[in-house]
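Asker: Sequence plus predicted model, see below.
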Amino acid sequence: MFKQMSFILCIPFGNFNMSGDSDLEIEEAFRRAQKAHNNKAKLVASLKNRYNKLEDKTEFHEEFIRCLKYAMIIYTREPAVENVIDFVTKFAASFETPVNEEEEEEENEFLNFLFCFLLESHGANSHAVRFRVCQLVNKLLGSLSENAQIDDGLCDRIHEAMLIRVTDKYPNVRIQAALAMARLQDPSNSDCPTIKAYVLLLENDSNPEVRRAVLSCIAPSVTTLPKIYKRTRDVKEKVRKLAYQVLAEKVHIRALSIAQRVSLLHEGLSDSADSVKEVVKTHLLPAWLRLLQGDVLQLLHKLDVENCAETAVTTLHAIFSMATSPDDLLQNGVRLDERKLIPVDSLTCENVLYWRALCEFVKSKGNEGEELLEQLLPEAAIFAEYLCSYLRSITGLSEEQKADMTQLEIAMTQEFVGQQLIILVGCLDTSEEGGRKRMVAVLQEILVMPKTPTSLIGLLVEKLIGLLRDETQKIQMVAEIISDVREPILPISAPVDENEKRRKQVRLAEVRVQIMEAKQNLEECISCQDFSRAAVLKDSISQLEELKNQLTLEASQPADSIKEQRVEKSDPETLLKCLTMCAELFKQINIKRGICPTMNALIESLILPSVSNPNPAVRNMAVICLGTAALHSKDLANTHLVLLLQITQLDEPKIRISALRALIDQLLLNGLNILQDKSAPISQAPDSPDNSNGQPEQQTEEESTVQSILKMLSEFLDSEICELRTETAEGLAKLMYCGRILSPKLLSRLVLLWYNPVTEDDQRLRHCLGVFLQLYSRASRTNQECVEESFLPTMRTLFNAPVTSPLSEVDASNVAELFVELTRPSALVQPAAIQAVSVHDSLAVRICNEILRDVSAPEVRLYCKTLSWLEINTEPGPANSELQLLLKDILQEVKDKYCTRVIEKLCNQLNGDRGSKSGGNQDTTLLTLDENPGEVNKEEIKPKRAKRGQKKVSTAKNGKKASKAELSSDEGDEENVPEAPPSVRPSRRAKIAALDKTKQDLTALMNQEANGS
């Protein structure tokens, strides 16, 4: 195997037996190839012509390789070296002939020879040689035509060598090896070794450039697609960007599941990096639209918009933002009729969502979009009738129909369409009084309708309140609607008295007898020709007939009479609608207004009785209403605080979480001193040392209440209910970040919860705490001091954790690194103007005292290691003197050699020994522990991989963060070299001169050897 120096001392010119012209030909070709302006095609043709004239190719091969070796020992990407590599690639590729030609094996002799040389060299000690070997193999395979054929044995050797090199220590070697295997992979074979190597690199390689290289050449398949998709969540922006590009260019939309499509759009369009968002807009979305012939509605259908409406709207806004003219927006979307409406029969989830998103997008343009918005929406009165007609057509489902999935899907679709139409109310022009009043009347009518789905109530109330201007009118109108819904006017049938009914029947019989008697008398009078009396009897008979008809009509009516009156309804559906309206009202009303009599009446008559309702959904909404109403009045909050505390401990999980949210909101608004008349900005937690004696009895009771609240929240952190635990942790994080709580004990609990393997699958919890710890520690010096106080309790908990505890799996060193990073003075957003004793100085004193408690404890080694990471102030002062005394005591007590070395170096640093300063302190300490010191690489001194349930943090190096040069050497395409000592920034002229000196020219090396020979 070669050494690096062997390339320079290779075959001398004096031993070369070819003619002088051929000597100059090869050397001159390599010389000219270094210059970018030379025509490499002519050089290749000239050198190939010389090669074809030779009968014995052996000496040519040896001289060619000798010249090539000068380029292969250079690791940096110098232009001259890259030009030579390109020239060699083109020269070797020129020997390729079509498959059907004869003498193929003879013509490919040089190509096979070059491959054999490279394969013999891939295991060289020099990383530069390994890099150039992989680079040449990559370029040679890439330059061959699509139908090129290579000997099976040679192909297998190339494959085996590159599989070894993808595990190389140097990232750039792994990159070139991964690129070289691009044409050797078999996506159809699930056991393909190349595919397995690619997957391993994608999931485990620490260098982002390696992951990018694999992404650029891996072929999508059933096996690799999930791995490519997973890279869209990579920690590095460039990797995520390339992953989206690969999915756009190589993967059909049908190959992705609905969940994957939605996730790609949601995470891509909300990515923290603008470049990733731009790739999704300019590559992924246009690629999907091309596959669907530009049909945006078909794309929405592929996303299942009913379950991801907001993601679909964001996607549509991204598509609209790329439109070049307003006509593009009108042509590719919905078809409106002459009323500027979609016909009710043509409404679908896709077209109504497109209509809504387009209107919102145009309205967001302000005055620029007014003209286009007039073409998209009708007048408010017309749309009000349209909305009312559609919502009237929504059919309610019985319990039997709800069991039918088909009927349930139809009802859900109708509700989704209705929801989008209601949202469109916000885009209407309601400046005209008549249209606005008509819309208000229609919304009132819809809210009162019994068939209106509960899921639409909150949105309807929000739009109704938005149309009204006076807050008193808002409250009064919503209260009237609640009254109409809860106590509607219904027809009531009242039973008739039986005696009255019997009396009417007797009276009817009497009238009938009287009529018969009158008719007989009339006949007698007529026969006697007593016409005057006959006329009187005739009138009497007419009156009796009328009375009989009236009595008969009354007798034919139902026995029960029907009357209209208000009837109070207490079924769960009605109560849920009323409570939803209450909750939305309290949300929309200004919190500074307070509780008016109408709102107080709603609380007393509706909300409080519903808290004890047997239906869980009703109880949950009542708790939400109570919590929201309590934000408007501190007296109301004080009155019902105990009730909320009881609910958080006794009810169902969902209701407990709602009560917990209400409690957290109260603490955020009023602080822990909620029971006092005045609120303070910061409340000291019970574990703070500032508690003094002699407090009034009232304040003692209030403190006990505060302690009980914090104790309850602390217990919830250990709850087996994942959602309750997460909500509690998020609430405590908010309280601490806002300054309502200052508690090292609770902070320690949150850190342990973040590292606990039990919460490994709780992404929301881990994301919340990860963001909180960074923001909280950087916000102020007070917060860093709280983090400092929580260090020792956290470490003691980890050290004392029993074997059966999940915390026993946590790497304590990793946790210590986190605390060091969080308490760095340089991490503060606004560093203190007056340099006082830093938090690291105080932390160092705490750690020293902890070491002196038991110098034989196993954790002393970790504490000493933590001391070497701290940014300790070396200026003379009381803190410095105190720390030196403690360190001297430790040196006298501790026996461990490693601890002794660390403490001695720290003492030298405090005494002003400049040679022991900076990050080299820790580096040298770590290197002395290495039994097999070899070629140092930055990847080798990274912290070990965290165990299950752990979070990775950046390694602290004595207060020195990784420099830009380190990051570029780790992620870029250059050599990973040890960091140079710090120096003064040179001038521009000095930079230019240094840059010229670093340009490589292989001619000098070749001439040096020629002169020496």
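Answerer: Everything's here; your move. Quantities reported herein were computed from a predicted structural model and do not represent experimental measurements. Residues are numbered from 1 along each chain as shown.

Asker: so what secondary structure elements neighbour the helix or strand encompassing S389?
Answerer: Per DSSP states H and E: S389 is located in helix 380-393. Packing partners of helix 380-393 (3 or more C-beta pairs under 8 Å, 6 or more residues apart in numbering; DSSP states H and E): helix 405-424, helix 433-448. Backbone N, C-alpha and C define where each C-beta goes, glycine included.

Asker: could those be laid out in CSV, adding mean pLDDT?
Answerer: As requested, the helices and strands packed on helix 380-393 are exported to CSV (pLDDT from 0 to 100):
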stretch, mean pLDDT
helix 405-424, 90
helix 433-448, 92
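
Asker: Nearest approach to D889 belongs to which of these?
Answerer: Taking C-beta to C-beta, helix 405-424 is the member of the helices and strands packed on helix 380-393 nearest to D889, at 70.2 Å.

Asker: list the buried ones in the helix or strand that comes right after the helix holding S389?
Answerer: Going down the chain from helix 380-393, the next helix or strand is helix 399-402, by DSSP H and E. Buried residues in helix 399-402, counted by 16 or more other C-beta atoms under 10 Å: none are found.

Asker: Check which helices and strands helix 399-402 sits against.
Answerer: Using 3+ C-beta pairs under 8 Å, 6+ apart: helix 399-402 touches helix 405-424.

Asker: what is the rounded mean pLDDT of stretch 511-518?
Answerer: The pLDDT scores in stretch 511-518 average 85.

Asker: could you measure the closest residue to C359 other than its chain neighbours against E306, distance?
Answerer: Nearest residue to C359 in three dimensions, chain neighbours excluded: C427, at 4.2 Å (C-beta to C-beta, 6 or more residues apart in numbering). Using C-beta to C-beta, to the nearest Å, one gets 21 Å for the distance from C427 to E306.

Asker: before we move on, what about Q420?
Answerer: Q420 is 10 Å from E306, where distance means C-beta to C-beta.

Asker: more crowded one of these two?
Answerer: Comparing Q420 with E306 by neighbour count (other C-beta atoms under 10 Å), the higher total belongs to Q420, at 22 against 17.

Asker: That one and L353 touch, don't they?
Answerer: Yes - using C-beta atoms under 8 Å, Q420 makes contact with L353 at a distance of 5.6 Å.

Asker: hey, what's in contact with both of these two?
Answerer: Jointly contacting Q420 and L353 under the rule C-beta atoms under 8 Å, 6 or more residues apart in numbering are A309.

Asker: Beyond the helix ranked longest in the chain, next helix or strand please.
Answerer: In terms of residue count, the longest helix belonging to the chain (DSSP state H) is helix 498-527. Reading on from helix 498-527 to the C-terminus, the next helix or strand found by DSSP H and E is helix 531-556.

Asker: Show me what that following helix is packed up against.
Answerer: Other elements packing on helix 531-556 under the criterion 3+ C-beta pairs under 8 Å, 6+ apart are helix 498-527.

Asker: For the nearest residue to L68 once chain neighbours are set aside, pull up the helix or strand it's in.
Answerer: Nearest in space to L68, with sequence neighbours left out and distances taken as C-beta to C-beta, 6+ apart, is V88 at 6.0 Å. Using DSSP H and E, V88 falls within helix 79-93.

Asker: which residues sit against that helix?
Answerer: By C-beta under 8 Å, 6+ apart, the list of residues contacting helix 79-93 from outside reads 29-30, 33-36, 40-41, 43-44, 47-48, 68, 71, 74, 110-111, 114, 132, 135-136, 139-140, 143-144, 999-1002.

Asker: State the helix or strand in which the closest residue in space to V751 that isn't next to it in sequence lies.
Answerer: Using C-beta to C-beta, 6+ apart and skipping residues adjacent in sequence, the residue nearest V751 is T794, 5.5 Å away. Applying DSSP H and E as the criterion places T794 in helix 791-799.

Asker: pLDDT of that helix, averaged?
Answerer: Average pLDDT, helix 791-799: 94.

Asker: hmm, who's touching it?
Answerer: Helix 791-799 is contacted from outside by 744-745, 748, 751-752, 807, 810, 812, 815-816, 819, 823, 843, 846-847, 850, 858-859, 862, using C-beta under 8 Å, 6+ apart.

Asker: Weed out the non-buried ones from these.
Answerer: Taking 16+ other C-beta under 10 Å as the criterion, what is buried in the contacts of helix 791-799 is 744-745, 748, 751-752, 807, 810, 812, 815-816, 819, 823, 843, 847, 850, 859, 862.

Asker: tally of neighbours for K40?
Answerer: By the measure other C-beta under 10 Å, the count of residues near K40 is 19.

Asker: any idea how far L140 is from the residue lying closest to it once chain neighbours are set aside?
Answerer: Sequence neighbours aside, F87 is the residue nearest to K40 in space, at 5.2 Å (criterion: C-beta to C-beta, 6+ apart). Applying C-beta to C-beta, the value for F87 to L140 is 12 Å.

Asker: swap in K734?
Answerer: For K734 relative to L140 (C-beta to C-beta), the value is 59 Å.

Asker: now R533
Answerer: From R533 to L140 the distance is 140 Å (C-beta to C-beta).

Asker: So which of those two has more stuff around it?
Answerer: More neighbours surround L140 than the other of R533 and L140, with 22 against 14 (other C-beta under 10 Å).

Asker: pLDDT weak spots in the chain?
Answerer: Low-confidence regions of the chain, defined here as pLDDT under 70, cover residues 1-24, 97-107, 331-333, 491-497, 557-565, 675-703, 832-836, 912-1013.

Asker: Could you pull out the strands in it for me?
Answerer: For the chain, the strands defined by DSSP state E occupy 489-495, 560-566, 683-684, 741-742.

Asker: who are the neighbours in contact with the closest residue to K236 other than its chain neighbours?
Answerer: Among residues not flanking K236 along the chain, P208 sits closest, at 3.9 Å (C-beta to C-beta, 6+ apart). By C-beta under 8 Å, 6+ apart, P208 lies in contact with 234-236, 238-239, 971.

Asker: By neighbour count, which of those residues wins?
Answerer: V239 (21 neighbours).

Asker: My guess is that residue contacts L215. True?
Answerer: Yes - at 6.9 Å, V239 counts as touching L215 under the criterion of C-beta under 8 Å.

Asker: Identify the contacts common to those two.
Answerer: Any residue near both V239 and L215 by C-beta under 8 Å, 6+ apart counts here, and that gives R231.

Asker: Run a quick neighbour tally on D86.
Answerer: Neighbour count for D86, taken as other C-beta under 10 Å: 15.
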